[in-house]
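> could you look at this predicted model? Sequence included:
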Amino acid sequence: MIFFLPYILADVAAGLFWRFMLDGQIGLPAIVTTLFGLQPFYLLGSRDWAFSAVLVVILWKYFAST
């Protein structure tokens with residue numbers, strides 16, 4: 001377990017970062033929607049947009065490390 005702990009912690013930290021970044025109240029979608037005077041948009045709570053958001057996070061994680 002000690003051997004894999006750094007790898008697991010890196011994934012957990014990246015997951016928490018993106019969870020707060022995509023949050024509908026304090027994240028990037030909230031900043032953009034309040035800038036235009038719209039209602040908060042929960043990107044990860046939308047059935048249409050959640051898959052795209054997760055895909056962007058996966059692409060960022062695996063292509064940024066190469």
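Structure received.
> okay, CA-based contacts and neighbour counts for the rest of this
Will do.
> where do the helices sit along the chain?
Under the criterion DSSP state H, the chain contains helices at 5-21, 28-35, 50-64.
> mind checking which of these is nearest Tyr42?
Closest of those to Tyr42 is helix 28-35, at 7.3 Å (criterion: CA to CA).
> work out the gap between that closest one and the centre of the chain.
15 Å (CA atoms, centre = their mean, to the nearest Å).
> quick one: buried residues of that helix?
Neighbour counts over helix 28-35 (16 or more other CA atoms under 10 Å) mark Pro29, Ala30, Ile31 as buried.
> now the first one: how far from Ile2?
Translated: Pro29. 37 Å (CA to CA, to the nearest Å).
> over to Leu38?
Distance from Leu38 to Ile2, by CA to CA: 47 Å.
> these two: who's more crowded?
Neighbours per residue (other CA atoms under 10 Å) separate Leu38 from Ile2, with Leu38 holding more: 10 against 6.
> and that one, its phi and psi?
phi -100, psi 170 (degrees, to the nearest 10).
> and for the residue nearest to the spatial centre of the chain, nearest residue in space, chain neighbours not counted?
Of all residues in the chain, the one closest to the mean position by CA atoms, centre = their mean is Trp18, 2.7 Å from it. Spatial nearest neighbour of Trp18, excluding adjacent residues (CA to CA, 6 or more residues apart in numbering): Val57 at 7.3 Å.
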